[in-house]
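In: Sequence first, then the predicted structure, then my questions.
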Amino acid sequence: MATRILALRPGDDAPVPVGLDALPTLLADPDSVVWVDLLDPGEAERKLLEDVFALHPTSIEDMLADAPTPKFERFENYVYVVWHALVPGWEKTKGFALCDLDVMIGRNYLLTSHNEALPSVEEAFAKAGREPAMLRAGSASCAATIAEVLTERFLPLVERIDREIDALETAIIRNSGPHLLQVIFDLKDMAQRLRRVGFHQREVLNRLSRGTERDAEIVPESARPFFRDAYDNFVRVVDSADGFKETVNSTMDAYLSMQGHKLNEIMKVLTLISTIMLPLTFIAGLYGMNFDPEVSALNMPELKWRYGYLATLVVMGITAVGFVWYFRRKQWL
């Protein structure tokens, strides 16, 4: 576990890193703003959360566990938000992985907790260290900066899924086969996960961007436009995810149609071959019944004819060619 603390006190010109021992004094000063970032917290940090921050027991349990969906909870002295962020390196993987980002927004502090090093937190933390105005604007302003970066990182994922669906549609038309079935299921799973996360995350951002009179104590009006900007980004994500779901279902229908069409073409060719072979088989079977022409003139006199074999082959060839010509004329072949 790693803990970083950035504090801006009334007499400071710029934020300064501080240790855990200075945290109680800073939190007790309403004019100071503190950002505490916990990386991979565990049971060892429970005392810090209970005694120093005085968090509700349910908030502590939720922070130390994985949340299935993003959420917003309002407590007496702080707002508890859970966002889902993309894990770094998802661009190099086939799908995408998510990580919980727990955010406690207090009146003069921001507490962030995550199990992975997240670019959204790193960028915002570095910006807070460079620009004193960010911390001076309050903890909600810092949280809004995190939200902006976090939501923007979902847009390349939306674009990648869009490209993969376009490539899938082209592949279905050009070379439809069973190998595309897994691709369809993977894209469908990605679209459903993105929609599920996006829907809840959008609602959390909407609550932060609109707020209530009670929320204004923690999230002031000045910070809400920044949350609104992040909310607009996630509206796009959710709308795209809805579209992806419908498009993937359409590609499944197209895949099944192409497979059915391909099967029909195969059955058509086999049927035409069987139709051509049927009279040839009849002729071959007829002359293979071993009649004796010496017993009667009606018993296949052609069996004793010098050119009987050749004539039979010619008749079979003309029959086959005649069927092929007829099928082409009817555009069946």
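Out: That came through, no problem.
In: Please count neighbours and contacts with C-alpha atoms only from this point.
Out: OK.
In: Quick check: phi and psi on Val295?
Out: Dihedral angles phi and psi of Val295 (degrees, to the nearest 10) take the values phi -70, psi -40.
In: Doesn't Asp21 lie inside a helix?
Out: Yes: the assignment for Asp21 is a helix, going by DSSP: H, G, I helix; E, B strand; the rest coil.
In: quick one: it from Asp31, how far?
Out: Using CA to CA, to the nearest Å, Asp21 is found at 18 Å from Asp31.
In: who's more crowded, the two?
Out: A count of neighbours by other CA atoms under 10 Å puts Asp31 above the other of Asp21 and Asp31, at 16 against 8.
In: what ranges do the helices span in the protein?
Out: In order along the chain, the chain carries the following helices (DSSP state H): 23-28, 46-47, 57-64, 119-130, 132-136, 139-152, 154-175, 179-210, 224-286, 308-329.
In: In CSV: those helices, plus distance to Trp90.
Out: Formatted as CSV, the helices of the chain follow (distance: least, CA to CA, whole Å):
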stretch, distance to Trp90
helix 23-28, 35
helix 46-47, 31
helix 57-64, 23
helix 119-130, 12
helix 132-136, 29
helix 139-152, 14
helix 154-175, 9
helix 179-210, 12
helix 224-286, 17
helix 308-329, 54
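In: which stretch among those helices comes nearest Lys94?
Out: Ranking the helices of the chain by proximity to Lys94 (CA to CA) places helix 179-210 first, at 9.0 Å.
In: quick one: buried residues of that closest one?
Out: Within helix 179-210, the residues that qualify as buried are 180, 184, 187-188, 190-192, 194-210, counting by 16 or more other CA atoms under 10 Å.
In: how about the nearest residue to the most centrally placed residue in the chain, chain neighbours excluded?
Out: Of all residues in the chain, the one closest to the mean position by CA atoms, centre = their mean is Met190, 2.4 Å from it. Nearest in space to Met190, with sequence neighbours left out and distances taken as CA to CA, 6 or more residues apart in numbering, is Gly95 at 6.8 Å.
In: Was I right to think Leu38 contacts Thr112?
Out: Yes: Leu38 is in contact with Thr112 according to CA atoms under 8 Å; the separation is 6.1 Å.
In: now Leu303: how far from Ala297?
Out: With distances defined as CA to CA, the gap from Leu303 to Ala297 amounts to 11 Å.
In: more crowded one of the two?
Out: More neighbours sit around Leu303 than around the other of Leu303 and Ala297, counting by other CA under 10 Å; the figures are 15 against 10.
In: Need phi/psi at the closest residue to that one other than its chain neighbours.
Out: By the measure of CA to CA, 6+ apart, the closest residue to Leu303 outside its immediate chain neighbours is Pro293, 7.0 Å from it. In this entry, Pro293 is assigned phi and psi values of phi -70, psi -20 (degrees, to the nearest 10).
In: same thing with Tyr287?
Out: phi -90, psi 0.
In: same thing with Lys94?
Out: Dihedral pair for Lys94: phi -70, psi -40, per degrees, to the nearest 10.
In: Pull the number of nearby residues for it.
Out: Residues near Lys94, counting by other CA under 10 Å, number 10.
In: Per-residue pLDDT of it, please?
Out: Reading off the confidence values, Lys94 has pLDDT 82.
In: Return the distance of it relative to Glu164.
Out: According to CA to CA, Lys94 and Glu164 sit 11 Å apart.
In: And for Pro119?
Out: Distance from Pro119 to Glu164, counting by CA to CA: 25 Å.
In: out of these two, which sits in the more crowded spot?
Out: When neighbours are counted by other CA under 10 Å, Pro119 comes out ahead of the other of Pro119 and Glu164, with 17 against 14.
In: pretty sure that one contacts Pro88?
Out: Yes: the pair formed by Pro119 and Pro88 meets the contact definition of CA under 8 Å, at 7.2 Å.
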